[in-house]
Structures are given as C-alpha cells and as structure tokens.
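Chemist: pasting a predicted model and its sequence here:
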Amino acid sequence: MTKREKGPMSDNNNISYQKQHKSMSTKSPLSKWDAARLNEIERYVTYNSSHFFPVLFQSYGTVWPKVLPYCLANLFLTWLIVCLRNSFKLDLVLPDQGPHLMTWILSLLMVSRANAQYNAFMNQRAELEDLYRCSKELIHHV
C-alpha cells in the first residue's frame, strides 16, 4: 500500500504568504524564520509498507547522514579492539567494576537530593508556622 503525505505548507498557503510579504515595505528585512518559510519547498514522502529498505534509506526525512558517521566510527573501533585482542593478545576491554561504582555514586546523589528536599520542606514549614503565629498575634491585638 503506497501513501503520500504532504509537507507542512500547501501551495495556497505559500502563495498567500508570499503575497503578504511582497506587499510589506522593503526597508525591513525578513527574519530567518520568514525567509525559511518563503523558501520552503513542498515535499512528498512516498513509502510502501510492504518494503522496509526504501523507507530506511530514503533521502528526505532521514537521520542517516547524521548518524552514519558515528555508526562507522563505532564499527571501526570495535574491529580495532577485536584485532588487537586476537593478534597481539592486548586486551583493551574495560573491567566490569564501573557499573558497581556508579550505583554507589548514584545512590549517594539521590540520598543527598532527598535530604536537600526534606530540609527545604522543613524550612518552609517553619516559615509557615511563624506566619501562622504572627497572624494569630495580630488578630489577638486587634
């Protein structure tokens, strides 16, 4: 099943927006947002739900150009570590003590945050108690 989705601006909205900005004075330059809206092109995303790869490797609306270099760098680094371990018996794998240490640090941070919140609550409670006492004295003297 093939579907087509329109982009954020239709032709009619784009034309009326251009006419609106052409009628404005040319002394005030357009902001970056207005210039981007004027130059925006209506694009269609066409996909077939029975085929996965055309959707994955489409050029419009994909994150592959941003993500692919990091994927390749990660793949190269993993390959390098495996080659060093197999060829030169050099083990660059980190020990598994890190998560244990991080749980202790995280628990200490959580306890200190809970203590700070409790102290703030108790300070606010004391302030409310003083406010109640002062208002009671004020009413008593009136």
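Modeler: Cool, got the structure.

Chemist: tell me the mean pLDDT over the longest helix anywhere in the chain?
Modeler: Ranked by residue count under DSSP state H, the longest helix found in the chain is helix 98-141. Per-residue pLDDT over helix 98-141 has a mean of 92.

Chemist: from the contact counts, what lies against it?
Modeler: Counting contacts by 3 or more CB pairs under 8 Å, 6 or more residues apart in numbering; DSSP states H and E, helix 98-141 is packed against no other helix or strand. The C-beta positions use only the backbone N, C-alpha and C, and glycine is treated the same way.

Chemist: could you pull up the contacting residues of L101?
Modeler: L101 makes no contacts at all, as judged by CB atoms under 8 Å, 6 or more residues apart in numbering.

Chemist: distance of it relative to V93?
Modeler: The gap separating L101 from V93 is 17 Å, by CB to CB, to the nearest Å.

Chemist: what do you get for L108?
Modeler: Counting by CB to CB, the gap from L108 to V93 is 27 Å.

Chemist: likewise T78?
Modeler: Distance from T78 to V93, by CB to CB: 11 Å.

Chemist: ok, I81 next?
Modeler: 7 Å.

Chemist: looking at those two, which is more packed in?
Modeler: I81 (14 against 8; other CB atoms under 10 Å).

Chemist: can I assume that one sits in a helix?
Modeler: Yes: checked against DSSP: H, G, I helix; E, B strand; the rest coil, I81 lies within a helix.

Chemist: burial of the residue lying closest to it once chain neighbours are set aside, as a residue count?
Modeler: Of all residues not flanking I81 in the chain, L92 sits nearest, at 5.2 Å (CB to CB, 6 or more residues apart in numbering). Neighbourhood size, L92 [other CB under 10 Å]: 10.

Chemist: brilliant, that's me finished.
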